[in-house]
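Engineer: Here's a sequence, model it:
(chains A, B, C and D)
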Protein chains: 2
Amino acid sequence: MGETGSAAEGRGRTRIQRLNQARLLDAALKVFSQEGFRAATLDQIAAEAGMSKPNLLYYFASKEEIYRAVLDRTLDLWLEPLRGLDPQGDPVEEIRAYIRRKLEMSRDNPQESRLYANEILRGGAVIMAEMTGPLRALVMQKAAVIRRWIAAGRLAPHDPVHLIFAIWATTQHYADFDAQIRAVLGEDAGDPIEGAERFLQQLFIEGLRPR
Amino acid sequence: MGETGSAAEGRGRTRIQRLNQARLLDAALKVFSQEGFRAATLDQIAAEAGMSKPNLLYYFASKEEIYRAVLDRTLDLWLEPLRGLDPQGDPVEEIRAYIRRKLEMSRDNPQESRLYANEILRGGAVIMAEMTGPLRALVMQKAAVIRRWIAAGRLAPHDPVHLIFAIWATTQHYADFDAQIRAVLGEDAGDPIEGAERFLQQLFIEGLRPR
DNA sequence: GGCATTCTTGACCATATGGTCAAAGACGGG
DNA sequence: CCCGTCTTTGACCATATGGTCAAGAATGCC
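Structural biologist: Sure thing, here's the model as predicted:
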């Protein structure tokens, strides 16, 4: 008897299950990231995945379940760049590398970024537990690393948590506010993220004051 | 004969019209900013304004019309801080003041910020004209000012448009991602924006490199 | 105080949407 | 190639939602 897909992705038992769950999660990411939870419809997601709505509901028991599944799948990807901040590395170089990784993420996975933006704008009820749990813990851990760097005089004194917020804000901005950035920059201008990389590296390290 | 409110706000002819249109726009701001266009419902907005749905539709002919009215009303407010960047002022002090004004905006008008974030996440079709028109023009004008400051050696050389993006991103982040910020900081910590002000002023001006 | 105009809303409509169900169709081990 | 299991979907249901309408309630000018 089928436990009708109440388990998330990797747990599909048969080949067809794994394939279709993956197709559905991709489709759901696309739709949820553009529309947000409430405005997205199961018909849209099913159509995007090339199947019928009842078939979607065969794999995921409800709209909320597939939404949670997409969010879960994305969370790890989302924390990875910060995890890579190496306490043993050179502080300035580590921050540079973190900014670079986050910008790559905005370029290669803008949908994931918008999915989170949508969720958090709505209040983030669905992922509140991840935020006050693993996310908060990781931020605190890396903030401690940065504080040690500062204490050793290898970084100017700044609040490390707000520093992390600033890196999130500036890098994710290029995914979340893409429409505005293209409108302001004009269509002709090349990839905004290339300019962003140069600019952010310099701003974060050197600041605006002339020397 | 009633032209049934097809005009936006200030144009209400009678006292009751002005009052009710204002009440509806406030309610609409609240609901649209939290839910986004599609997920918001007219019933919600009407209830929030303390009246019936047909009465809402007496003042605004459709959901899209009240949505546009809210967006329009907010746009000016939104551009004001950048308009205040004074070409005659001291460059570092002007940037500082701009960051301060934008942070105040995030603290005092977070709903407006989220309204825009929602709209732009969806692709910004409704305000595309404002973005490629007035917004783009203002950004280009102020970018020219910043470029002159740089040419005069009064600011370190940076791409001025990306600088404006970075200020938008970091300051609006505290309104748009409020839920995440509070989750990471914990409930106890005071007003996040106070810490943000100190941090951003320092980051933008001095950067991270120790000296 | 009476009347035209402006406001307000209960009842209603068409459509969209999350979700159910039963029956048909594809798969795969024996 | 047969049969039990897994997939798939058309038809359907209850509810929500944007919007209409006609009639009643205020309002304000004369």
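Engineer: Tell me, what's the model's pLDDT at A:A183?
Structural biologist: With respect to pLDDT, A:A183 scores 97.
Engineer: What's the local residue count around it?
Structural biologist: Using other Cβ atoms under 10 Å in any protein chain shown, A:A183 is surrounded by 22 other residues. C-beta: built from backbone N, CA, C; applies to glycine.
Engineer: Need the contact partners of stretch A:139-158.
Structural biologist: A:82, A:85, A:87, A:90-92, A:95, A:160-161, A:163-164, B:184, B:199, B:202-203, B:206-211 (Cβ atoms under 8 Å, 6 or more residues apart in numbering or on different chains).
Engineer: Chain A: helices as residue ranges?
Structural biologist: Using DSSP state H, the helices found in chain A span residues A:15-35, A:42-48, A:53-59, A:63-83, A:91-108, A:110-121, A:128-130, A:136-151, A:160-176, A:178-185, A:192-206.
Engineer: is any part of the first one close to DNA strand C?
Structural biologist: Right, helix A:15-35. Yes: using Cβ under 7 Å from any atom of the strand, we find that helix A:15-35 touches DNA strand C at A:R15.
Engineer: Keeping just the C-alphas, turn that helix into CSV.
Structural biologist: Taking Å, rounded to 0.1, in the frame of the first residue of the first chain, the C-alpha atoms of helix A:15-35 are listed here in CSV:
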residue,chain,number,x,y,z
ARG,A,15,12.5,5.1,-9.8
ILE,A,16,9.3,6.9,-10.9
GLN,A,17,8.7,8.3,-7.5
ARG,A,18,12.1,9.8,-7.3
LEU,A,19,11.8,11.2,-10.8
ASN,A,20,8.4,12.8,-10.3
GLN,A,21,9.1,14.1,-6.9
ALA,A,22,12.2,15.9,-8.2
ARG,A,23,10.2,17.2,-11.2
LEU,A,24,7.5,18.5,-8.8
LEU,A,25,10.0,20.1,-6.5
ASP,A,26,11.6,21.9,-9.3
ALA,A,27,8.3,23.1,-10.6
ALA,A,28,7.2,24.1,-7.1
LEU,A,29,10.4,26.1,-6.6
LYS,A,30,9.8,28.0,-9.8
VAL,A,31,6.2,28.8,-9.0
PHE,A,32,6.4,29.5,-5.2
SER,A,33,9.5,31.7,-5.7
GLN,A,34,7.7,33.9,-8.2
GLU,A,35,4.2,34.0,-6.6
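Engineer: other SSEs contacting it?
Structural biologist: Packing contacts for helix A:15-35, counted by 3 or more Cβ pairs under 8 Å, 6 or more residues apart in numbering or on different chains; DSSP states H and E, involve helix A:42-48, helix A:53-59, helix A:63-83, helix A:110-121.
Engineer: repeat that with 10 Å
Structural biologist: Counting by 3 or more Cβ pairs under 10 Å, 6 or more residues apart in numbering or on different chains; DSSP states H and E, the packing neighbours recorded for helix A:15-35 are helix A:42-48, helix A:53-59, helix A:63-83, helix A:110-121, helix B:110-121.
Engineer: ditto for the shortest one
Structural biologist: Contacts of helix A:128-130 with other secondary structure elements, assessed using 3+ Cβ pairs under 10 Å, 6+ apart, are made with helix A:63-83, helix B:178-185.
Engineer: and what of the fourth one?
Structural biologist: Applying 3+ Cβ pairs under 10 Å, 6+ apart, one finds that helix A:63-83 makes contact with helix A:15-35, helix A:42-48, helix A:53-59, helix A:91-108, helix A:110-121, helix A:128-130, helix A:136-151, helix A:160-176.
Engineer: Mean pLDDT and mean neighbour count for these - can I get that in JSON lines?
Structural biologist: Formatted as JSON lines, the helices and strands packed on helix A:63-83 follow (pLDDT from 0 to 100; neighbours: other Cβ atoms under 10 Å in any protein chain shown):
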{"stretch": "helix A:15-35", "mean pLDDT": "94", "mean neighbour count": "19"}
{"stretch": "helix A:42-48", "mean pLDDT": "97", "mean neighbour count": "18"}
{"stretch": "helix A:53-59", "mean pLDDT": "97", "mean neighbour count": "16"}
{"stretch": "helix A:91-108", "mean pLDDT": "97", "mean neighbour count": "18"}
{"stretch": "helix A:110-121", "mean pLDDT": "97", "mean neighbour count": "23"}
{"stretch": "helix A:128-130", "mean pLDDT": "95", "mean neighbour count": "15"}
{"stretch": "helix A:136-151", "mean pLDDT": "98", "mean neighbour count": "16"}
{"stretch": "helix A:160-176", "mean pLDDT": "98", "mean neighbour count": "24"}
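Engineer: Quick one: those as CSV, columns for distance to B:I193 too.
Structural biologist: Putting the helices and strands packed on helix A:63-83 into CSV (distance: least, Cβ to Cβ, whole Å) gives the following:
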stretch, distance to B:I193
helix A:15-35, 28
helix A:42-48, 37
helix A:53-59, 42
helix A:91-108, 23
helix A:110-121, 17
helix A:128-130, 21
helix A:136-151, 18
helix A:160-176, 10
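Engineer: picking that back up, dump the helices and strands packed on helix A:128-130 to a markdown table, plus distance to B:Y67.
Structural biologist: Converted to a markdown table, the helices and strands packed on helix A:128-130 look like this (distance: least, Cβ to Cβ, whole Å):
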| stretch | distance to B:Y67 |
| --- | --- |
| helix A:63-83 | 24 |
| helix B:178-185 | 22 |
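Engineer: Nothing else from me, thank you.
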